[in-house]
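pasting a predicted model and its sequence here:
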Amino acid sequence: MLALTVTRRILTELWHTRRSLIFWALFPALMLLLFGLIYAGDSSPADSFNYTAPGILIGAAFFFSCLGGPIAAIVAERERNTLKRLLLSPLSGTAYFLGLLLAFLVVAAGQTVVVYAIAFAFGGSFRGSLMLGMLVVVLSVASYVGLGFVFGSRFTKRTEEVNGPVAAIGVPLLVLGGTFFPSSVLPDYLYRIAHLNPIFHMNEAMDAVSAEGLGAGAIVDHLVFLVLFAGATLAFGVRSYRVMLQRERVL
Amino acid sequence: MPAVLGVDRVSKAFGERRVLSELSFAIDSGQVYGLVGPNGAGKTTLINIACSVVPPDAGTVTLNGRPVTADAHARVGVASQDVALYRDLTSEQNLEFFAALYKLNGARRARRVAACLGDVGLQDRAHTIISLLSGGMRRRLHIAVAMLHQPDLLILDEPTVGLDLESRHRIWNVVRTVAEDGGSVLVTTHQLEEAEALCHRIGILHQGHLVAEGSMAHLRRHVAAAELAIIDAEDLDAVRDRVSELGLTHRSALAALAVWLPERQSLDRVAALFGGIELRSVTLKPVGLEEVVAEMTQEGRPVRA
């Protein structure tokens, strides 16, 4: 229940400012258009948009909203002193994390609609199970939000520092995750390393369901990895949040 | 009936630095208690202990007779020194959010939000985004958030710092209303006129010790004067000499001299005491908290109460 309160607050704030929502819709839309048209070349864009949409959704849309968003939200709590208010309220770290997660799931749902509306407009389609696609989306968002929770509560103290972890750690993960080109072009040793990267599993799973129309059996390894990763970041994130509250205890 | 807040021989040190030393005082229902003292005197540390954010090294803190524990948030409302609000939400949405965190639901939440907005005089700003409110309005709303769950004890840390006179008086009225309704308030401030105007009892904190504590009438007894004569003269040394000849006590008061008068006297009689010395001005004023604090915290005086 308290988690829903946090969700509602975050979404209301986002709605009031709208800037973030506009950019979180605009950026993946433009990226999809550019990559879709570039990869299409002179041929029909349908296939190109089919294969580009999953990567753009995971790498351009969710990456910035669901990783950068939670980091910025936690840093803002600290800068506005509201973190101390939360410390003195009955809100637990887990409820706060779940509130963030639910809020960014709503944002991610909106981004999914935008990305696939554009893909459909260019003849693309969603070939696999919608339910399975939703499961991949939920696990991807949970992994990003968990990672954002860790960065926000442990490594980032001021707004100016938000871009640091996103750029230094996030962008290489994007490249190594096969967001901008198929992971098949990676050298063998990088391909093996890529298996440790959650974004690789998000991309591979979404690509398999959306573009290839494969079933759960084909992506079970990716799903297991994402479940474990999301669980680990949740546990570590909640712990980091508690540590952060301990540090911020003095009023 | 136990005190709303009972502080008994509380001590706290951070490393080698002793911040609070055996502090004891109590706040009763309907009472506004002021803690005054310079920055670093230990006021905020005491607040942190009172709401169980920081444990004391020794001593006990009780709320309505029960020890303060981790669930203190349900029984204490705190408005910290820094305003803590969500800038992109309206006043009402901020209150709604915090009310929901305190598990106030449905009609009760709506009632409390409306009541708190009314208490701080912001009902006409309910739908205004925080970033569009003035500093004084934000601070009032900040206090309203602390009052939402009707805590046993409301703690206000420097509630009027940086505010204009009108905003200050509005906040004082909020505090008075809380006390009139039977609530208890602990206010920390280093604005002495604020403490004097607002508080039923005042504690003077100095170097971690409560050097004096009680009602204003009680505190005045620490200054052995019925009234003060503030004397400004070209030759203050001559005034000092005359004060010594008269066997009176004096203290420096900026560029003037504050002379302690053992009994109330007319201005002419006081001026007559300094006949032969060219005086620029003589003003009579009652003994206030400023003089008590100066007396109790002067250098060389033992810090124990």
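Right, received. Where do you want to start?

please make it C-alpha for all contacts and neighbour counts, starting now.
OK.

after the helix or strand bottoming out on mean pLDDT in chain B comes which helix or strand?
Every helix and strand in chain B was compared by mean pLDDT, DSSP states H and E; the lowest is strand B:249-253, with a mean of 83. Note on strand B:249-253: by DSSP states H and E, the next helix or strand toward the C-terminus is strand B:256-261.

avg pLDDT for that following strand?
Model confidence over strand B:256-261, given as mean pLDDT, is 88.

which residues are in contact with the biggest helix by length in chain B?
Counting by DSSP state H, the longest helix found in chain B is helix B:165-180. Defining contact as Cα atoms under 8 Å, 6 or more residues apart in numbering or on different chains, one finds that helix B:165-180 is touched by B:29-32, B:119-120, B:136-137, B:140, B:159-160, B:184-185, B:198.

tell me the one of the residues you listed nearest chain A?
residue B:159 (13.5 Å; Cα to the nearest Cα).

over to the residue nearest to that closest one when sequence neighbours are not counted. Which of the three states is it?
Nearest non-adjacent residue to residue B:159, counting by Cα to Cα, 6 or more residues apart in numbering or on different chains: residue B:81, 6.5 Å away. Recorded secondary structure, residue B:81: coil (DSSP: H, G, I helix; E, B strand; the rest coil).

looking at it, residue B:196 is touching residue B:289, isn't it?
Yes: Residue B:196 is within contact range of residue B:289, at 6.5 Å (criterion: Cα atoms under 8 Å).

what residues do these two have in common as contacts?
What both residue B:196 and residue B:289 touch, as defined by Cα under 8 Å, 6+ apart, is the set residue B:216.

those two: which is more packed in?
Shown here are residue B:196 and residue B:289; by other Cα atoms under 10 Å in any protein chain shown, residue B:289 has more neighbours (24 against 17).

what pLDDT does that one get?
For residue B:289, the predicted pLDDT is 87.

if I pick residue 206, what's in contact with it?
Here I'm looking at chain A. A:54, A:55, A:133, A:136, A:137.

oops, I was thinking of chain B
Counting by Cα under 8 Å, 6+ apart, the residues that residue B:206 touches are B:37, B:38, B:41, B:42, B:297, B:303.

the fifth one: neighbour count?
Yep, that's residue B:297 we're talking about. Residue B:297: 20 surrounding residues under other Cα under 10 Å.

returning to what we had before: who wins for neighbours among the contacts of helix B:165-180?
residue B:185 (30 neighbours).

show me the beta-bridge partners of it.
Bridge pairing for residue B:185 (DSSP bridges) gives the partners residue B:32, residue B:154.

thinking it is in contact with residue B:155, fair?
Yes: between residue B:185 and residue B:155 there is a contact at 5.8 Å, judged by Cα under 8 Å.

quick revisit: send the alpha carbons of the least confident helix or strand of chain B over as PDB?
Provided in PDB are the C-alpha atoms of strand B:249-253 (Å, rounded to 0.1, in the frame of the first residue of the first chain):
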ATOM      1  CA  THR B 249      26.800  45.600  38.300                       C
ATOM      2  CA  HIS B 250      27.300  46.400  34.600                       C
ATOM      3  CA  ARG B 251      27.800  44.500  31.400                       C
ATOM      4  CA  SER B 252      28.900  45.600  28.000                       C
ATOM      5  CA  ALA B 253      26.000  46.200  25.600                       C
END
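
tell me the angle of that strand relative to strand B:256-261?
Comparing the axes of strand B:249-253 and strand B:256-261 via axes from the mean of the first three to the mean of the last three Cα atoms, to 10 degrees yields an angle of 150 degrees.

paired strands for strand B:249-253, with orientation please.
strand B:256-261 (antiparallel).

following element in sequence after the partner strand, please.
Next element after strand B:256-261 (DSSP H and E): helix B:267-273.

which residues sit against that following helix?
Residues from elsewhere that reach helix B:267-273 (Cα under 8 Å, 6+ apart): B:229, B:282, B:283, B:284.

which parts of the least confident helix or strand of chain B are buried?
Using 16 or more other Cα atoms under 10 Å in any protein chain shown as the test for burial, strand B:249-253 gives B:250, B:251.

nice, that's everything, thank you.
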